Structure formats: C-alpha cells, structure tokens
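Engineer: kindly return the folded structure for what I paste below:
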Amino acid sequence: RIANEKKDNPLDKIIILNVRILENKLLMAYLDKRSITREIARQHCKEVDFCLNNRKHTAIGFENISGGYELRSENFKGSSSPKDITFIDNQAKSVVVFEGFFDYLSYKMMNQKSVNLQTNFMILNSLSFFKKSMQLMEKHERVDLYLDRDIGGIKCTREALQSDSIKYIDQSFLYEQKKDLNEWLNQEQQVKRGHNFRRSI
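Structural biologist: Predicted coordinates:
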C-alpha cells in the first residue's frame with residue numbers, strides 16, 4: 001500500500017449481507033472447539049454473511065449497542081462498523097465486564113444453573129473502550145472484571161482497582177494460569193471429557 005494512498009478503500013470495509021439464526025456446520029464445529037454449546041450461542045449470537053474484498057464470508061456475529069457486529073470463525077476475526085461495546089441491561093445494580101464475547105459466552109456456560117443470577121453485562125469488544133465505558137460501570141454498585149490476563153487487561157484492571165477497590169472486583173484469579181475465561185473453560189471441558197472417556201473404557 002502506498003503511504004499517501006487513501007485508507008478508506010471500499011473493498012477493505014466489511015459489508016453485512018444477511019443475519020439469521022446459527023445453523024452453519026463449520027461454525028458449530030468452531031463453537032464446539034471453544035466449548036460453547038449451540039443453545040448458549042444461539043441465545044446470544046447470529047450467523048452473519050458479509051462481504052470483504054469482494055468475497056463473501058460467513059461468521060458468528062455478536063451485535064453491539066450501535067448495530068455493528070463482532071465476527072468470528074475458525075479463520076476470521078474482525079468486526080463491522082460501527083465498532084462499540086455490547087451492554088445487556090437487566091436492571092441490576094451490578095455489572096460483569098468482559099473483554100470479548102467468547103468470555104461472556106463462557107460465563108453463561110458456567111452459570112447455566114444459576115437461575116437467580118441478576119446482573120447486567122458489558123462486553124467491551126475492544127480494550128480501547130475500557131476508559132470510555134467506566135462512566136457506565138460507575139452507575140453500578142458492584143463491577144466484576146473478567147479481563148484478559150495479558151499486559152493490557154491487567155493494566156486496565158489495576159487502574160480500576162486503584163480508582164475504587166470496593167466497587168471494582170478482579171475476578172481474573174479464577175483463570176490465573178490462562179489468558180482468559182474461555183481458555184480456562186476449554187481446559188476444564190477437556191479434563192471432564194478425559195474423565196468420561198476413561199470411565200467408559
């Protein structure tokens with residue numbers, strides 16, 4: 001790409017073509033690989049056809065508050081404009097904050113039997129939205145942080161705790177040896193599958 005060339009090449013933009021219920025077998029296999037059931041995924045995600053560089057693609061789509069989508073498949077990670085956070089308002093006094101939607105789906109997987117779980121959810125969809133979103137977090141009495149255990153996630157968690165160590169609670173100790181909640185869930189499911197396999201022999 002030439003240095004002074006205009007960056008807003010229409011071919012580089014993701015154009016959403018179609019949104020529907022999740023059915024695609026390859027996407028289902030990808031969800032299985034990430035230890036997310038179809039039922040949980042269908043409750044919170046869609047199957048999205050989009051065009052990029054004159055080619056049609058299909059991915060799991062997770063909608064944000066501005067109508068854009070986070071798009072994921074085995075071979076693709078991207079998002080359509082406008083990029084924004086996803087906020088799920090259950091009229092609760094607490095909010096649980098995740099960096100990406102696979103961590104949110106993992107949390108849903110882990111809490112399927114918790115019927116009385118009353119909380120709001122915020123999925124940042126990018127760590128760059130963390131500071132901007134703190135205003136919305138501040139409206140809650142309790143903020144549970146499930147951010148990635150990498151340099152950026154740890155830095156944001158530390159800053160939040162320094163601003164108010166009573167309101168903000170770091171929950172990343174749950175997956176201390178892993179990068180994020182989904183990676184931890186994946187390992188737990190593999191261990192469980194191993195036990196079941198040994199039991200069936």
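Engineer: could you use CA atoms for every contact and neighbour count after this?
Structural biologist: Noted.
Engineer: now Ala160. Nearest residue, chain neighbours left out?
Structural biologist: The shortest distance from Ala160 to any non-neighbouring residue, by C-alpha to C-alpha, 6 or more residues apart in numbering, is to Tyr168 (6.4 Å).
Engineer: give the contact list for the one you found.
Structural biologist: Contact analysis of Tyr168 by C-alpha atoms under 8 Å, 6 or more residues apart in numbering lists 142-145, 160-161.
Engineer: same thing with Gly68?
Structural biologist: Contacts of Gly68 (C-alpha under 8 Å, 6+ apart): 79-84.
Engineer: dump the residues you listed to TSV, plus secondary structure and pLDDT.
Structural biologist: Rendered in TSV, the data for the contacts of Gly68 read as follows (DSSP: H, G, I helix; E, B strand; the rest coil; pLDDT from 0 to 100):
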residue	secondary structure	pLDDT
Ser79	strand	96
Ser80	coil	96
Ser81	coil	95
Pro82	coil	95
Lys83	coil	96
Asp84	coil	98
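Engineer: redo the residues you listed as a markdown table? Include neighbour count and distance to Lys56.
Structural biologist: Listed next are the contacts of Gly68 as a markdown table, based on neighbours: other C-alpha atoms under 10 Å; distance: C-alpha to C-alpha, whole Å:
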| residue | neighbour count | distance to Lys56 |
| --- | --- | --- |
| Ser79 | 20 | 15 |
| Ser80 | 19 | 14 |
| Ser81 | 15 | 17 |
| Pro82 | 12 | 19 |
| Lys83 | 19 | 20 |
| Asp84 | 22 | 23 |
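Engineer: closest to Ile123 out of these?
Structural biologist: Asp84 (9.3 Å; C-alpha to C-alpha).
Engineer: got the contact list for the closest one?
Structural biologist: Applying C-alpha under 8 Å, 6+ apart, the residues near Asp84 are 64-66, 68, 124-125, 129.
Engineer: switch to 6 Å and redo it
Structural biologist: Going by C-alpha atoms under 6 Å, 6 or more residues apart in numbering, Asp84 touches Asn64.
Engineer: quick check: phi and psi on it?
Structural biologist: phi -160, psi 180 (degrees, to the nearest 10).
Engineer: give me the pLDDT value at the residue nearest to Ala160.
Structural biologist: What the model reports for Tyr168 is a pLDDT of 98.
Engineer: go on, the one 10 residues further on?
Structural biologist: Turning to Lys178, the model gives it a pLDDT of 93.
Engineer: Asp12 too?
Structural biologist: The model's pLDDT for Asp12 equals 73.
Engineer: ok, it - how many residues close by?
Structural biologist: Asp12: 12 surrounding residues under other C-alpha atoms under 10 Å.
Engineer: what sits closest to it if chain neighbours are left out?
Structural biologist: Asn53 (5.8 Å).
Engineer: separation between the one you found and Ile15?
Structural biologist: 10 Å (C-alpha to C-alpha, to the nearest Å).
Engineer: the longest strand seen in the chain - contacts with which helices or strands?
Structural biologist: In the chain, taking DSSP state E as the definition, the longest strand is strand 55-63. Strand 55-63 is packed against strand 46-52, strand 69-73, with contacts defined by 3 or more C-alpha pairs under 6 Å, 6 or more residues apart in numbering; DSSP states H and E.
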